[in-house]
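>>> just coords:
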C-alpha cells in the first residue's frame, strides 16, 4: 500500500432496483479495500451499493466510516454496524468531509448524487484544490457516456488533453485498486492551466 494513501472514499448509490452486478462489484471492492488495510469513507447507507460496500468491508474486519446528513436519515437508512457514523447538517458538509478525510476517490455507478460528487471532485482537482487519485469503476459500461462527454469536452477545447490524467476509468474493483496506487501525481499548479486561452 502506498505510504501516502491510507483512507479511500467511495462514492456509490443507495438504489436497490439496479442490476445485482452493481452491488456485487461494491461488495467485492469493500472486501479488497479491507484486505489491503485501507480505511473506507462512504455515505453511511445500509442499502444498495452503499450497503454492499459496507458489508464487504465488515466481512473482512475492515474499518469503514459513514458520513450522512441528518435530514437524510429517513431516505438512506444508515448502517448501524459500521465502524463509525458521522452526522452532518448538509450534503455540502458531507461531501467536504469525505474529501478532507480521504487520500483517494473511487466512484461506482450511481444516480445524480453520485455523479454530482464525482463532477465536483474532478472540478476541484482541475483547480488544484484536490490533488488525489480519482478512479471510476465502469460496471456494465455505465460510465461510457461520461467518458464520451469528457472526450467531447477535450475535443471542443473546453478542457486540455492533460486533464485526462485527473481521472481513470477501469472495469473491475481489482483494476480500481491498481489505478489508485499507480495514479500519476497532480499538482496544485494545475490551476495555472485550468482556463484554456
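Looks like it arrived, so ask away. Please read all numbers here as calculations on a predicted model, not as lab measurements.
>>> wait, what's in contact with residue 144?
Neighbour list for residue 144: residue 138 [criterion: Cβ atoms under 8 Å, 6 or more residues apart in numbering]. Glycine gets a C-beta too; all of them are placed from N, C-alpha and C.
>>> over to residue 124?
Here residue 124 is in contact with 99, 130 (criterion: Cβ under 8 Å, 6+ apart).
>>> and with 10 Å instead?
99, 130, 131, 132, 134, 166 (Cβ atoms under 10 Å, 6 or more residues apart in numbering).
>>> now the helix or strand where it lies: mean pLDDT?
With secondary structure defined by DSSP states H and E, residue 124 is part of helix 112-126. Averaged over helix 112-126, pLDDT sits at 96.
>>> number the residues from 2 up from this point.
From this message on, residue numbering opens at 2, which makes the last subject helix 113-127.
>>> circling back to that earlier point, helices - which of the contacts of residue 125 land there?
With helices defined by DSSP state H, the entries of these inside them are residue 100.
>>> so among the contacts of residue 125, which ones count as buried?
100, 131, 133, 135, 167 (16 or more other Cβ atoms under 10 Å).
>>> test my guess that the third one contacts residue 10.
Yes. Checked against Cβ atoms under 10 Å, the pair residue 133 and residue 10 is within contact range at 9.0 Å.
>>> what touches both of the two?
Joint contacts of residue 133 and residue 10 (Cβ under 10 Å, 6+ apart) are 100, 103, 104, 105, 106, 122.
>>> show me where this structure has helices.
Defined through DSSP H, the helices belonging to the chain, from first to last, are 21-36, 49-60, 92-102, 113-127, 145-156, 174-183.
>>> out of the ones you listed, which is closest to residue 5?
helix 174-183 (10.4 Å; Cβ to Cβ).
>>> for the record, mean pLDDT for stretch 17-35?
According to the model, stretch 17-35 has a mean pLDDT of 97.
>>> over to stretch 160-179?
If you average the pLDDT over stretch 160-179, you get 96.
>>> which parts of that stretch are buried?
Taking 16+ other Cβ under 10 Å as the basis for neighbour counts, the residues of stretch 160-179 that come out buried are 160, 164, 167, 168, 169, 170, 171, 174, 177, 178.
>>> give me the subset of these lying in strands.
169, 170, 171 (DSSP state E).
>>> what is the nearest of those to residue 113?
Distance from residue 113 was checked for each of these by Cβ to Cβ. The minimum falls on residue 170, at 19.3 Å.
>>> residue 149 is in contact with the closest one, correct?
No. With contacts defined as Cβ under 10 Å, residue 170 does not count as touching residue 149, sitting 11.0 Å away.
>>> neighbours around residue 86, how many?
For residue 86, the number of neighbouring residues by other Cβ atoms under 10 Å comes to 14.
>>> tell me who's in contact with it.
45, 65, 66, 67, 68, 69, 79, 80.
>>> I appreciate the help and will end here.
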